[in-house]
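Novice: next one to model:
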Amino acid sequence: MIEGNFSTQTYRKHQEKLFELVRMPDVSDATVEQAISYMCEVVADMLEVDTVSIWHFDETQHSISCQVAYSKDKGISKPALTVYRQDAPVYFDALCTNRVLLFENVRTHEWVKNLYQQYFVEGQRVYSMLDAPIFADGQARGVICCETYELRKWTYVEELIVSTLADFVAILYSRLERQSVEQHIARLAYTDELTGLMNKNAFIERVDRMRDELDHHLGSLIYVRIDEFRSVEDALGSEKANQLIQEIANRLQLVVDPAMLARSSQSGFVVWTPYGDRIKAYGIADMLCETVTNEPFTVDELDVVLTMSAFISIEDKTRSTLEMIHTTRIAASHHHVQRGGIIFYEEKMGEKATARLTLEMNLRKGLALNEFALYYQPKIDGSTGQLNGFEGLMRWIHPEKGLIPPLDFIPLAESTGVIIALEEWALEEACRQLNAWHASGRTYHLALNLSARHFLSEGVVEKFARVVESMGVCPNYLTFEITESVGMENQQHVIERFIAFRKQGFSISIDDFGTGFSAFVYLKHYPIHEIKIDRQFIQATENDPTGNVIVQSIIELARGLGLKTVCEGIETTEQHDALRLLGCDEMQGYYFSRPLAIDELEVWIEAYNNENKDSLR
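Specialist: Model prediction:
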C-alpha cells in the first residue's frame, strides 16, 4: 500500500467499528473470537495485504499458536499451526520486546528464513511480513501477522496502523482476563472449593431472596453434621477426610436440590426446606441423615461407618437466614446431643448460650480482677488422726452473685481454656500459702487439681517447676490430682508426663479412682504416688457390705504397689471408723471439715489440734 493512496474515510469507518468492539459490554471467549476475526479482515482491507493472522503465546512464551487467520482467497480459517522458540529464538526474543517487526523478504531474513515454508499461513507463497506484537498487562501475549505474496516495503503509516490494532486486541484480552479473574473471585466468594456446592455466603443470599418472595410461607433450615469428624480426620489424615466430605456432598445432592444446599463448616452442611411444620422438617432431617450414612464409605480398602446429626430451626420471619444458621449452631452446641440425634432449636437454648457467654466473659474478667480464692479442705492421717495437709479448691467470689459453685464455672473454664490461667493462679496462691505455713514451722502438704487440658499441654511441667523455684517452695510438698479419665487419653504420652512431673519432685495423685474400666490394669505402669478412692465407694461402706470389699481390695492393691490411698467424701463416724479399720492412709471429707477460706481454716486448725492434742502425744 502506498501512503498517498491511503483512504482516510476507510480508516475512520474501521476505526469506529473497532472502538465499538473494544467497548462491547459483554466480553467472553466467543465475543473476543468474533472480534479478532473481524480485526483480521479489517487489517487485510486497510493495509491491502493477502493474509492476516493472530497468534497467541503459551504461558511460558516458548511457543505461539495461530488462533485465527484471514486470506482474501479463503476468508476466515483456524489453521492448526504452532511455532516453537527453539526453531527461531531471535524472532521470539524480538516478539517479546519490539513494537513492530518488518520483513521485506522472509525467504532471506536470518530470523525467519527457516520457518516460512513450514509455518506461515500460506507457506511458500509469502514474501513480505509485518508483525505487531500484542502487549497486555506488561508482557507479550501474542502477535498480529500481516503477509503479502509480493515483495513489499512497509511504510511508517502501515506500522502505525497495525500496532494500533494490536493495542485494540490487547485491550480486549485485558478485559477478558480481568473478567475471568472477577468471575474466579466470585466463584471463590460463593462456591465451596472442595465440594463445588454453594458456600454459606451464596446460600444466605439465595435463601434470603427466596424468603422475601415467599413472605407468607414458612420453611425451615437444617444443619447436618458428621459426628466426631475430628476423630475421623485424625485417624485418616486430611486428604482422606476431604475425600469423605466430597462423597458426603455427592450423597446429599442425590436427595437435596443443590440450589438449596451449601457446605457451611468442615463437616457440616445447611439445607433449606419449604416445610415450616416440625413433623415434616423432622422427617426431612431424618431422611438426610439416614440416606447419607446408611452405607459405609470406602477409603482405600477401609470401610468407614459414620453417623450424622441434624439441627433444625423453624423459620421465624424476624430472623435473617444468617441468624437462623446461628440458631442451628446453638442447638448443635447443646450439651446433651447424642450421636445421630435430631434437635430442634428452642428459645431457651439461646438464653442458655447468652448466659454461658456472659459467664465466660465474667470468668475472664473475674480472674483479672482477683475475684478467685483458694479454699482448703483438710487431709487427715488415717491411723493417727494427725493433720497432714490440705486440698486447695478454687472458689469464685463474684461481687454481685456471691460464691459461685465450682460446678457452675469449672466445666466452662475447661471448655474455653480459661482453666489453664486459673490453675496457674492457683499454683502461685498455693505456693504463697505453703511458704507462710512452712515459715511458721508447719510443714503441711498441699494438693491441687490439674485439668486434663492443662496436664496434657506442652511445657506444663517446666512451667510449674519455674513457678515453685521462683517462689522458693520445695516441690515435694505439692501434689497434683489428675482425674482417672486422663489416663485413657494416650497412655504412653501420659506415662511420659507423669515421669517428667516426678523428676521435678512433684507428686501425682489419681483422683476419682475406680470409675475407669481399666484402672487396675494401668496402675502398675504409671509412676504415681497415691490414689484417691472415688466417693461413691466410700458412701457405700455404710449400707452395702460389698462397698467395704471393693475399698479393701483397692487399699490392698495400692499397698502392694507402694501407693498411698486417700479416701474422700467421708461424712459419718461409721464411714470414718470403717475406713480406718480397712487401713486407709489419708482421709478427707465433711466429717472433718468442709473446704474453708484461709481465715476460717486457721481457726479450724487451732481447734482441731487442741482437740486432738492428747491423742497425738
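
Novice: can you give me the strands in the stretch 251-400 of the chain?
Specialist: With DSSP state E, counting those that start in this stretch, the ranges of strands along the stretch 251-400 of the chain come out as 261-263, 268-273, 297-299, 302-304, 308-314, 342-344, 372-381, 387-398.

Novice: let's see the pLDDT reported for residue 8.
Specialist: Predicted confidence (pLDDT) for residue 8: 60.

Novice: ok so, going back, want to try CSV for the strands of the stretch 251-400 of the chain, with mean neighbour count and mean pLDDT as columns?
Specialist: Glycine gets a C-beta too; all of them are placed from N, C-alpha and C. CSV is the format used below for those (neighbours: other Cβ atoms under 10 Å; pLDDT from 0 to 100):
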stretch, mean neighbour count, mean pLDDT
strand 261-263, 25, 94
strand 268-273, 24, 94
strand 297-299, 16, 85
strand 302-304, 12, 83
strand 308-314, 24, 93
strand 342-344, 20, 90
strand 372-381, 21, 94
strand 387-398, 20, 93
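
Novice: got CSV for those, with distance to residue 531 too?
Specialist: CSV is the format used below for the strands of the stretch 251-400 of the chain (distance: least, Cβ to Cβ, whole Å):
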stretch, distance to residue 531
strand 261-263, 48
strand 268-273, 41
strand 297-299, 41
strand 302-304, 38
strand 308-314, 37
strand 342-344, 39
strand 372-381, 14
strand 387-398, 14
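
Novice: from residue 512, how far off is residue 550?
Specialist: From residue 550 over to residue 512 the distance is 14 Å, taken as Cβ to Cβ, to the nearest Å.

Novice: and residue 289, by the same measure?
Specialist: 35 Å.

Novice: what do you get for residue 291?
Specialist: Distance from residue 291 to residue 512, by Cβ to Cβ: 42 Å.

Novice: between the two, who's got more neighbours?
Specialist: For residue 291 versus residue 512, the count of surrounding residues by other Cβ atoms under 10 Å is larger for residue 512: 19 against 15.

Novice: nearest spatial neighbour of the more buried one, chain-adjacent residues omitted?
Specialist: Once flanking residues are discounted, residue 512 sits nearest to residue 534: 4.7 Å by Cβ to Cβ, 6 or more residues apart in numbering.

Novice: so where's the stretch 401-550 of the chain shaky on pLDDT?
Specialist: For the stretch 401-550 of the chain, the stretches flagged by pLDDT under 70 are 486-490, 514-522, 540-547.

Novice: let's go with 50 and repeat that
Specialist: Within the stretch 401-550 of the chain, the set of residues satisfying pLDDT under 50 comprises 517-518.

Novice: and the strands in it?
Specialist: Going by DSSP E, counting those that start in this stretch, the stretch 401-550 of the chain shows strands at 402-404, 445-449, 478-483, 507-513, 530-533.

Novice: what's the closest of those to residue 609?
Specialist: Nearest to residue 609 among the strands of the stretch 401-550 of the chain is strand 445-449; the distance by Cβ to Cβ comes to 16.1 Å.

Novice: other SSEs contacting that closest one?
Specialist: When contacts are defined as 3 or more Cβ pairs under 8 Å, 6 or more residues apart in numbering; DSSP states H and E, strand 445-449 packs onto strand 372-381, strand 387-398, helix 418-439, strand 478-483.

Novice: switch to 7 Å and redo it
Specialist: Applying 3 or more Cβ pairs under 7 Å, 6 or more residues apart in numbering; DSSP states H and E, one finds that strand 445-449 contacts strand 387-398, helix 418-439, strand 478-483.

Novice: export the ones you listed to TSV and append columns for distance to residue 87.
Specialist: Formatted as TSV, the helices and strands packed on strand 445-449 follow (distance: least, Cβ to Cβ, whole Å):
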stretch	distance to residue 87
strand 387-398	80
helix 418-439	68
strand 478-483	75
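
Novice: which among those is found nearest to residue 224?
Specialist: Of the helices and strands packed on strand 445-449, nearest to residue 224 by Cβ to Cβ is helix 418-439, at 31.1 Å.

Novice: name the surrounding residues that touch the closest one.
Specialist: Contact partners of helix 418-439, identified using Cβ atoms under 7 Å, 6 or more residues apart in numbering, comprise 363-364, 367, 372, 374, 392, 394, 413, 444, 446, 448, 450-451, 453-454, 457, 464, 467-468, 471-473, 477, 598.

Novice: also stretch 232-252?
Specialist: By Cβ under 7 Å, 6+ apart, stretch 232-252 touches 194-195, 197, 226, 261, 263, 267, 269, 288, 291-292, 297, 299, 304.
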